[in-house]
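Enquirer: dropping the sequence and predicted coords here.
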Amino acid sequence: MKIVVLDGYCLNPGDLSWDDLNAIGETVIYDRTEYIDSIIINRIGDADAVYTNKTPLSKAVLDAAVNLKFIGVLATGYNVVDTLTAAAKNITVTNIPTYGTDSVAQMAIALLLELCHHVGAHNTAVQNGEWEHNNDWCFWKYPLIELSGKTIGILGFGRIGQAVGRIAQSLGMKILAFDRFPNKTFENDRLKYASIDEIFSQADVISLHCPLFPDTTGIINAENINKMKNGVFIINNSRGGLIIEEDLAKALKNGKVGGAALDVISTEPIKGNNPLLNIDNCIITPHISWAPKESRQRLMNIAIKNLTCYIAGTPQNTVI
Ligand SMILES: NC(=O)c1ccc[n+]([C@@H]2O[C@H](COP(=O)([O-])OP(=O)(O)OC[C@H]3O[C@@H](n4cnc5c(N)ncnc54)[C@H](O)[C@@H]3O)[C@@H](O)[C@H]2O)c1
Ligand SMILES: O=C(O)[C@H](O)CO
């Protein structure tokens with residue numbers, strides 16, 4: 001079996017091992033591949049199995065990959081694969097659904113807490129001498145926010161959304177959840193399902209945890225932002241394409257949105273002209289929610305098991 005990994009570096013920058021994958025077949029591991037169809041096609045060549053984390057597998061790429069039978073997405077989100085074409089060509093597509101639930105939820109809450117306390121900015125101020133030269137024994141540079149009693153609206157109440165909900169509840173927050181498939185057994189006196197418009201109008205914080213699908217693309221746009229409470233906080237560590245970035249930038253600048261904390265951006269790595277750069281109340285991190293070593297190790301193990309299960313005729317974690 002010929003196996004190609006198109007962009008292995010972020011999963012394994014050197015602290016994990018590819019040995020178990022190498023043992024399965026003739027394996028070529030590229031650190032990264034330019035997002036250009038002709039280059040991707042050339043690298044896949046006559047491989048039977050391909051792994052991608054963020055390298056797009058378009059219709060043109062899949063049409064050219066004559067031997068391809070298995071796609072292993074090295075991620076939970078599989079929006080980089082043209083799954084309709086893969087299905088039509090009978091190519092099995094797998095993802096890694098559970099490896100990072102706790103890390104990603106933890107990071108969503110870290111982003112929220114950063115908007116509430118601005119730990120990084122206050123540390124920078126102290127290191128720059130602002131405390132030493134301050135008249136009082138204490139100062140703060142941003143409004144400080146207590147979360148207890150406030151409402152978080154969670155769009156996409158799947159594994160990560162639910163984990164975020166559990167932590168938010170322990171902080172004393174009320175939860176409004178929106179999901180395509182509500183599970184009413186999760187409801188309690190502080191957690192209710194709601195319509196998306198109820199979330200927009202009632203939530204103090206909106207946290208995005210749905211996949212990037214055609215019907216979720218651009219869900220945070222000018223029209224929906226107008227329905228939100230003044231000063232709402234927006235957290236996104238799902239996918240950048242959920243947000244129309246120009247609309248969010250405008251709302252951050254005019255104060256309609258009080259703060260945004262984003263681990264994902266429409267084009268990654270971020271472009272220098274991204275409208276969300278250099279806005280004071282917008283925090284951006286470089287897509288690191290998934291990246292604690294514990295999570296990446298689980299991802300690696302499951303990714304390899306996905307292929308061995310496929311070879312054994314018992315595919316697991318298939319998305320189509
Ligand atoms: N930043 C990171 O490092 C990172 C890491 C892992 C996952 N993610 C993102 O998080 C997303 C969620 O992961 P998960 O493990 O919770 O997945 P999941 O499948 O367990 O949950 C997704 C939920 O979204 C719901 N959903 C789907 N379409 C919807 C729609 N149109 N409207 C409302 N809800 C909808 C589903 O019913 C499901 O309950 C992934 O798709 C990925 O994009 C990001
Ligand atoms: O979806 C995921 O799992 C993250 O984006 C890491 O690739």
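Expert: Ah, there it is. Ligands and ions are numbered 1, 2, ... in the order given.
Enquirer: now do the spatially most central residue of the chain against ligand 1, distance only.
Expert: Among the residues of the chain, the one closest to the centroid is Ser238, at 2.8 Å (CA atoms, centre = their mean). For Ser238, the distance to ligand 1 equals 4 Å [CB to the nearest ligand atom, to the nearest Å]. The C-beta positions use only the backbone N, C-alpha and C, and glycine is treated the same way.
Enquirer: what do you get for Leu62?
Expert: When distances are taken as CB to the nearest ligand atom, Leu62 and ligand 1 turn out to be 21 Å apart.
Enquirer: quick one, domains of this protein?
Expert: 2-99+293-311, 101-284 (automatic domain parsing).
Enquirer: for those, give me JSON lines that also has mean pLDDT.
Expert: Supplementary listing: those in JSON lines, determined by pLDDT from 0 to 100:
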{"stretch": "domain 2-99+293-311", "mean pLDDT": "98"}
{"stretch": "domain 101-284", "mean pLDDT": "98"}
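Enquirer: wait, which of these is closest to Ile320?
Expert: Shortest separation from Ile320 across these is recorded for domain 2-99+293-311, at 4.5 Å, computed as CB to CB.
Enquirer: that closest one close to ligand 2?
Expert: Yes: for a cut-off given as CB under 6 Å from any ligand atom, domain 2-99+293-311 has contacts with ligand 2, namely Asn53, Ala75, Thr76, Gly77.
Enquirer: can you report how many residues lie near the last one?
Expert: Spelled out, that is Gly77. Here the neighbour count serves as a burial measure; for Gly77 (other CB atoms under 10 Å) it reads 18.
Enquirer: nearest to ligand 1: which residue in the protein?
Expert: The chain approaches ligand 1 most closely through Gly158 (1.7 Å), counting by CB to the nearest ligand atom.
Enquirer: check contacts around that residue.
Expert: The neighbourhood of Gly158, defined by CB atoms under 8 Å, 6 or more residues apart in numbering, consists of Asp179, His209, Cys210.
Enquirer: out of the residues you listed, who's nearest Tyr35?
Expert: Where the contacts of Gly158 are concerned, and distances follow CB to CB, Tyr35 has its nearest neighbour in Cys210, at 23.8 Å.
Enquirer: what about the closest one, which helix or strand?
Expert: Taking DSSP states H and E as the definition, Cys210 sits outside all helices and strands.
Enquirer: returning to that earlier point: select from the contacts of Gly158 the one having the most neighbours.
Expert: Neighbour count (other CB under 10 Å) singles out His209 as the most crowded of the contacts of Gly158, with 28 neighbours.
Enquirer: shouldn't Ile199 be in contact with Ile206?
Expert: Yes: between Ile199 and Ile206 there is a contact under CB atoms under 8 Å: 6.6 Å.
Enquirer: so what sits against both of these two?
Expert: Common contact partners of Ile199 and Ile206 (CB under 8 Å, 6+ apart): Gly153, Leu155.
Enquirer: what residues does the stretch 201-320 of the chain have near ligand 1?
Expert: Counting by CB under 6 Å from any ligand atom, the residues of the stretch 201-320 of the chain near ligand 1 are 209-213, 215-216, 237-239, 263-264, 287, 289-290.
Enquirer: helices along the stretch 201-320 of the chain, start to end?
Expert: Listed in chain order, the helices of the stretch 201-320 of the chain (DSSP state H, counting those that start in this stretch) span 222-226, 245-253, 293-311.
Enquirer: between those helices, which gets nearest to Leu112?
Expert: Where these are weighed against each other on CB to CB, the nearest is helix 245-253, at 15.7 Å.
Enquirer: follow-up on the earlier one: the residues of the stretch 201-320 of the chain next to ligand 1 in strands, which ones?
Expert: Under the assignment DSSP state E, those contribute nothing to strands.
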